[in-house]
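[1] Give me a model of this one.
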Amino acid sequence: MAKDTPPRWDRRMQQRLARGEAAALGELYDRFASLVHSLAHRVLDDDDAADRVTREVFGHLWENPDMYDPKQGSMRSWVAKVTRELAVRRLRQTEAEAYEASGDGSAEEAEELEQKIRRASTAARADYIVRSMPAPLWNALELAYFQRRDYRQTAADLGVTEDEARRRLRLGLQLLSTANTQAPDGSSPPGNGRLL
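    Next up, the predicted model:
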C-alpha cells in the first residue's frame, strides 16, 4: 500500500458518510465517541459542555464528510482535530461571554484567555498523542517517567536492549513534543477539518 493511501476503513467510512448512510455515523460514533468526549472534556473541563461538543462534532462530521482529506492523515486524527477545534471555539465563546458579563475586557484579560485556550488545546493534543502512541513507546515512557526508571532499568523491564529502550524513549518524547507545536500566529498546524 502506498504511503499516502489511507486505511481501507477510513476510505469506506468517508464514502458511506458522503452517501448519507446513518449506520456509518453510528459506527463512527461507536469507534470515536470516547475519544471525542475525553478531548472535549480536556479542553473545557466540564461534562455538560463536553457532551454538547461531542454532539456538535458528530453533526459536523455527518454534514461535512468531504472535509476529510485522506492525504492529511487518518480518520481518527481528523476526528480529533475537529474535536479540538470545536472545543476551543466553545471555550473561546464561553470565556468571552464571561468577560463581557463581568464588564472587564482589558487587553490583559484577552491575552489571559488566549493563553488559557492555547494551554487547553496543547493538553488535548498531548492526550490524543498519548492515546495514539504505539504501545512499545508508551510503555517505555511510562516506566521511565512515571515509575522513575532509568533507561537501563526500562530496558530490563521491557526485555529489550538498552539501545532499543533509548530509541523508544527518544521517539516517544519526540511525539509528545509535537503537542506544543503552533503556527506563528498561535494557531495549531494546518490539516484536516480546519474550522477556526
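[2] for the helix or strand of the chain at the bottom of the mean pLDDT ranking, packing partners?
    Lowest by mean pLDDT, DSSP states H and E among the helices and strands of the chain is helix 107-132, with a mean of 77. Helix 107-132 makes packing contacts with helix 22-44, helix 75-102, helix 162-177 when contacts are defined by 3 or more C-beta pairs under 8 Å, 6 or more residues apart in numbering; DSSP states H and E. Any C-beta I mention is one placed from the backbone N, CA and C, and that applies to glycine too.
[3] I'd like to know which of the ones you listed is closest to residue 62.
    Nearest of the helices and strands packed on helix 107-132 to residue 62, taken as C-beta to C-beta: helix 22-44 at 5.2 Å.
[4] which residues touch the next helix or strand after that closest one?
    Next helix or strand after helix 22-44 toward the C-terminus (DSSP states H and E): helix 47-63. By C-beta atoms under 8 Å, 6 or more residues apart in numbering, the surrounding residues in contact with helix 47-63 are 17, 25, 28-29, 33, 36-38, 40-41, 44, 79, 82-83, 86-87, 90, 94, 193, 195.
[5] For helix 47-63, give the mean pLDDT please.
    Across helix 47-63, the average pLDDT comes to 94.
[6] pretty sure residue 180 contacts residue 123?
    No. With contact defined as C-beta atoms under 8 Å, residue 180 does not reach residue 123; the gap is 10.0 Å.
[7] Between these two, which is the more surrounded one?
    Counted by other C-beta atoms under 10 Å, residue 180 and residue 123 do not tie: residue 123 has more neighbours, with 17 against 13.
[8] for that one, what are its contacts?
    42-43, 179.
[9] among those residues, who's most crowded?
    Comparing the contacts of residue 123 by number of neighbours (other C-beta under 10 Å), residue 43 comes first, having 29 neighbours.
[10] For residue 21, see how far away the closest residue to that one other than its chain neighbours is.
    Leaving aside its sequence neighbours, residue 43 sits nearest to residue 87 (C-beta to C-beta, 6 or more residues apart in numbering; 3.8 Å). From residue 87 across to residue 21, the span is 26 Å (C-beta to C-beta, to the nearest Å).
[11] In terms of neighbours, single out the busier of the two.
    When neighbours are counted by other C-beta under 10 Å, residue 87 and residue 21 differ, and residue 87 comes out ahead with 28 against 13.
[12] Distance check, the more buried one against residue 37.
    Where residue 37 is concerned, residue 87 sits at a distance of 10 Å (C-beta to C-beta).
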